[in-house]
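Participant: Starting from these lines, generate the structure:
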Amino acid sequence: LHLQLLEASKYAELKGVAIKGDLPIGVTRCSADVWAEPQLFKLDRNAGAPGNPEQNWGFPPYNWDNMHRDGCSWWRRRLEHMEQYFHAYRIDHVL
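Facilitator: So this is what the prediction gives:
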């Protein structure tokens with residue numbers, strides 16, 4: 001998938017077409033991100049709309065204190081990785 005997306009992005013760029021990618025703001029607690037760096041998330045909590053159990057998406061909120069300690073490197077790595085494929089981002093604001 002990486003190579004296909006990289007090839008498509010380079011082709012689009014040659015043709016003068018910009019590609020916009022989605023960057024989801026929330027990640028599932030079963031994601032590789034949470035598994036690899038659990039200290040960046042508050043795994044004892046769930047994100048969602050307060051007072052509405054149907055709007056509990058089960059996403060762990062970020063532990064911003066821990067993220068700020070290393071200069072938000074997790075976010076920087078996400079954006080740098082996406083730069084390989086996309087010319088612009090849409091940050092999905094599900095939360």
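Participant: Helix or strand next in line after the lowest-mean-pLDDT helix or strand in the chain, which one?
Facilitator: Each helix and strand of the chain was given a mean pLDDT (mean pLDDT, DSSP states H and E); the minimum falls on strand 47-48 at a mean of 77. Counting by DSSP states H and E, the element after strand 47-48 in chain order, helix or strand, is strand 56-59.
Participant: and that next one, average pLDDT?
Facilitator: Over the span of strand 56-59, the pLDDT mean works out to 79.
Participant: Partner strands of it and their direction?
Facilitator: With DSSP bridges as the criterion, the sheet partners recorded for strand 56-59 are strand 47-48 (antiparallel).
Participant: Can you check what pLDDT the model gives S73?
Facilitator: Among the per-residue scores, S73 holds a pLDDT of 97.
Participant: what sits against it?
Facilitator: Contact partners of S73, counting by Cβ atoms under 8 Å, 6 or more residues apart in numbering, are absent. C-beta: built from backbone N, CA, C; applies to glycine.
Participant: L23 versus that one, what's the distance?
Facilitator: From S73 over to L23 the distance is 16 Å, taken as Cβ to Cβ, to the nearest Å.
Participant: before we move on, the earlier item: contacts for the least confident helix or strand of the chain?
Facilitator: Strand 47-48 is contacted from outside by 26, 55-61, 95, using Cβ under 8 Å, 6+ apart.
Participant: centre of the chain versus the longest helix seen in the chain, how much separation?
Facilitator: As assigned by DSSP state H, the longest helix anywhere in the chain is helix 2-14. Taking Cα atoms, centre = their mean, to the nearest Å, one finds helix 2-14 lying 20 Å from the centre of the chain it belongs to.
Participant: residue ranges with poor pLDDT in the protein?
Facilitator: Counting by pLDDT under 70, the low-confidence segments of the chain come to 50-51, 93-95.
Participant: quick one: contacts for the nearest residue to A12 once chain neighbours are set aside?
Facilitator: Taking Cβ to Cβ, 6 or more residues apart in numbering as the measure, A12 lies nearest to I19, with 5.3 Å between them; neighbours along the chain are not counted. Taking Cβ under 8 Å, 6+ apart as the definition of contact, the neighbours of I19 are 8-9, 12, 85-88.
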